[in-house]
Structures are given as C-alpha cells and as structure tokens.
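S.K.: kindly generate the corresponding structure for this input.
(one chain, ligands or ions: 2)
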Amino acid sequence: MFMTHLSCTACGLHHKWRQLQNLCTACQKPLFPAYELEAVGRELTRDSLAARREKSLWRYRELLPLPSDVEPVTLGEGGTPLLRADRFGKQIGMANIWIKDESLNPTQSFKARGMSVAVSMAKYLGATKVAVPSAGNAGGALAAYAARAGLEAHIFMPRDTPRANIVECREVGAHVTLIDGLITDCGAEIAKRKEREGWFDMSTLKEPYRVEGKKTLGYELAEQLRWQLPDAILYPTGGGTGLIGMWKAFDEMEALGWIGPNRPRMFSVQASGCAPIVRAFETGENSAAEFPNAHTVASGLRVPKAIGDFLMLKILRESKGDAIAIDDEEMIRVTRELGASEGLFVAPEGAACFAALKLLSLSGQIAPEERVVIFNTGSGIKYIDCYEQ
Ligand SMILES: *Cc1c(COP(=O)(O)O)cnc(C)c1O
Ligand SMILES: [Zn+2]
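M.R.: Numbers count the residues shown, from 1 in each chain. Ligands and ions are numbered 1, 2, ... in the order given. Here you go, the predicted structure:
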C-alpha cells in the first residue's frame, strides 16, 4: 500500500491513518489520504494499467487505501461506460457530448464507489457498526456494502426520501430510522447518539475514504478518454464528494505524469430549491451558508449545508467553471427528452446536468465543438414516484 498519512484539507495537519478517524482533530475539516506517488509511478504506468483485467475501481489499487494483502469489500463497483450522446447533442447544437453512466453501479448509483472503499477501510480498522445520514442513494449503498462486510448499518433518512431508497436499505438488512427533517437533521441525530451506540460515522467527507472511492471517476474518465481530459465537466452537486474527488485525482495523475496541467472547467449543477453552492459562488463567498427550506425531487442534491463547501468553491473558481441551478419541473421534462434520444432513464440529478448544458450552450459558456462530460449519477428507477404513469 502506498498511502502514507491523512492530511487536513484546511489546516494541513497530518494524522495517522491506522485508526478510525473522522475529521481533523484541530479544525474539524475533512481529511484527505496522501500517497507516495513517486513510488506508485514506479509500479504502475498508463501502459501497465491498460493491460489490467480488473474492471472495478479496484483496478487503481495502488492509488487507494487498504493494505495490499487485505480483500476489499466489493460488489463490482466502477468500470462504468462512457457513452457518446450524439442524438441529444445534435438537438442542442453540440458535437461532442459524453455521458458517464453511473447508474450501472451496484445499488444503481455512484454512491457505491465511495462506500466500497470506505466500508473496506472501516472494517479493516475495526468498526463493527456504521451509520450514515442519507436523503437518497448513500443509505442503500452503505446498507449493501455493510451487509457484504458483515457490519451493522444504521441509516437515518428524511421521511420524504424516495420509497425505493428506504425499501432497499431494509431489504439488505439495515436498521432504518425516518426523521421529520432534512439530511442535516439526520446527521445531527447520528452525531448525538454515535458515541453511546458505538457507531462509526460514514457521512461523506466526515470520514477520509468515500472521497477516495469517488476520485476513481477522474481516473476512469482519463483512461477512457485516452488521457485527454474533456473541456468541461457537468456534475450534479450535493455534498460535492465526486467533484472534489475528481479534482484530487487530476492532481495525482499530473504528479504521476499521466496527464498535463490542463484541467476541465468544472460546473456544479444544483436544484433551484437547494442551491447553496450556486448562491455562494455568485456572491463570491469562500464558504456556503445553509440553504433555507431545501426542497427538490433530486434527493442527492438536497444537501443544504456541505462540509466540503470551501473545497468545491475553490475548484469551481480555479477551473474557471460555474455553478447553475435547475428547477425540478425542468429536470423531469429533460429526463424524457434525454431518455427518448439516448435510451437512458437517468436520475433527476443527471437530468439536471443535461438541462444545465442546454443553458450553458445557449449562453455561449460552452462552445459547440467543446468536449463535455456529463455525469448521470444514478438511475431514474429509484425515483419512480416522481413520474406520471
Ligand atoms: C449523492 C448523489 C449526488 C450528489 O453527489 P455528491 O458527490 O455528494 O455531490 C448526485 N446524484 C445522485 C444520484 C446522488 O445519489
Ligand atoms: Zn485541520
């Protein structure tokens, strides 16, 4: 294994990795794993990677935590297709649109990536009970990977979470508690009880390894595009773990000499009913205030306050990207538009990005020939209640 330590994303303080760890002990901000990238580079090259048979995200094993002699907790996550969206592109006058289809992951969303890595590490470091607040897909993913690892899972969900998410958690053996409130209220409930109950808190960016699973989005994208990153990436942003993870992957790949210094422009897409990052980006803030009365059918975007807000805002500015909010009605409308032209029943979060692309193309912020990657982060099937029969 090439991981050396955990480093605080805000104050830089180093922490040892050999114990269960949540936030920085000095400033309570997220921790990132650090690796001996020079040593990785001697072992793993773009060519040797191409010859690997492993298709799951564990093909990037040297760039992930977990000692090399320990079996990961896996359900075959990652290795999702990158599809051209020519018909949709043509309808909106764009020639080079790609969809990274994350709905093909175990539990039908990209939350599987983060949970495979985080549950592997939590189990290795001795956790027996894990807990997470979830407004949608994180709960199902944790429930599944915890079952696979033989750990007890405690999932706290807002009462109005899509039915599919609640049912799937219960059916893979998790303890589910429904809360009258938002995901932030669920998180507060876990924080209050975790010590007494012996739960390890698996909230995104409040433990160091979900981001490592999600960073593999960046590695896969680079590999699938033959090490030429796109001009723009549209990412449906809740907690921001995928956005932050991809950016980390880009930095690691540059250090490895696998890509150059150019970066895609990163666009955060949120829901009009819950757009804290859009609001903070527009007003030039470095952190995002809690968004009041958050509501949207895109439950993955219903995150009124994200602990990684300062990291997201920095990435959006550094990459010369933007943040954009989409109405629920538009997400639902674009779901069918995209579905009918490309054959994918996308999650509303994914649909929001296609709606955003239309706006960015109309405003000239993305030019017709530019290479654009859109993340469809989950399957529309989980949101079936939002659609008419
Ligand atoms: C969780 C989730 C998101 C948001 O992901 P973050 O990395 O937390 O920003 C987007 N789409 C879907 C389908 C999700 O489940
Ligand atoms: Zn710190």
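S.K.: run a quick neighbour tally on the residue of the stretch 251-389 of the chain found nearest ligand 1.
M.R.: In the stretch 251-389 of the chain, the residue that lies nearest ligand 1 is residue 300 (2.5 Å; CB to the nearest ligand atom). All C-beta spots, glycine's among them, are computed from the backbone N, C-alpha and C. A count of neighbours around residue 300, defined by other CB atoms under 10 Å, yields 29.
S.K.: dump the residue contacts of it.
M.R.: Applying CB atoms under 8 Å, 6 or more residues apart in numbering, we find residue 300 in contact with 109, 135-137, 236, 238, 347, 349, 377-378.
S.K.: same thing but at 6 Å, please
M.R.: 136, 238, 349 (CB atoms under 6 Å, 6 or more residues apart in numbering).
S.K.: doesn't residue 305 make contact with the second one?
M.R.: No - under the criterion of CB atoms under 6 Å, residue 238 is not in contact with residue 305, lying 10.9 Å apart.
S.K.: of those two, who's got more company?
M.R.: Comparing residue 238 with residue 305 by other CB under 10 Å, the one with more neighbours is residue 238, at 30 against 17.
S.K.: got the residues of this structure near ligand 2?
M.R.: Taking CB under 5 Å from the ion as the contact definition, the chain meets ligand 2 at 8, 10-11, 13, 24, 26-27, 29.
S.K.: from those residues, list the buried ones, please.
M.R.: 8, 24, 29 (16 or more other CB atoms under 10 Å).
S.K.: with the residues you listed in mind, which one is nearest to ligand 1?
M.R.: Closest to ligand 1, out of all of those and judged by CB to the nearest ligand atom, is residue 29, at 16.5 Å.
S.K.: assign the spatially closest residue to that closest one that is not a sequence neighbour to helix, strand or coil.
M.R.: With sequence-adjacent residues excluded and distances taken as CB to CB, 6 or more residues apart in numbering, residue 29 is closest to residue 10, at 3.7 Å. Assigned by DSSP: H, G, I helix; E, B strand; the rest coil, the conformation of residue 10 is coil.
S.K.: which strands and helices lie in contact with the lowest-mean-pLDDT helix or strand in the chain?
M.R.: For the chain, counting by mean pLDDT, DSSP states H and E, helix 183-197 ranks last in confidence among helices and strands (a mean of 93). With contacts defined as 3 or more CB pairs under 6 Å, 6 or more residues apart in numbering; DSSP states H and E, the packing partners of helix 183-197 are strand 129-133, strand 152-158.
S.K.: can I get the ones you listed in CSV including mean pLDDT?
M.R.: Formatted as CSV, the helices and strands packed on helix 183-197 follow (pLDDT from 0 to 100):
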stretch, mean pLDDT
strand 129-133, 97
strand 152-158, 96
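S.K.: near ligand 1, which residues of this structure are found?
M.R.: Within reach of ligand 1 by CB under 6 Å from any ligand atom, the chain has these residues: 109, 111, 136-138, 204, 236-242, 300, 347, 349, 377-378.
S.K.: what about the strands in the stretch 201-350 of the chain?
M.R.: Secondary structure of the stretch 201-350 of the chain (DSSP state E, counting those that start in this stretch): strands at 232-236, 265-271, 322-326.
S.K.: what would the ones you listed look like in CSV with mean neighbour count?
M.R.: Below are the strands of the stretch 201-350 of the chain laid out as CSV (neighbours: other CB atoms under 10 Å):
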stretch, mean neighbour count
strand 232-236, 28
strand 265-271, 27
strand 322-326, 24
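S.K.: which stretch among these approaches residue 278 most closely?
M.R.: strand 322-326 (4.2 Å; CB to CB).
S.K.: in the sheet, which strands lie alongside the closest one, parallel or antiparallel?
M.R.: Partner strands and pairing direction for strand 322-326 (DSSP bridges) are strand 265-271 (parallel).
S.K.: re earlier: surely the residue nearest to residue 29 meets residue 28?
M.R.: No - taking contacts as CB under 6 Å, residue 10 lies outside contact range of residue 28: 8.7 Å.
S.K.: how many neighbours does residue 377 have?
M.R.: Counted with other CB under 10 Å, residues neighbouring residue 377 total 32.
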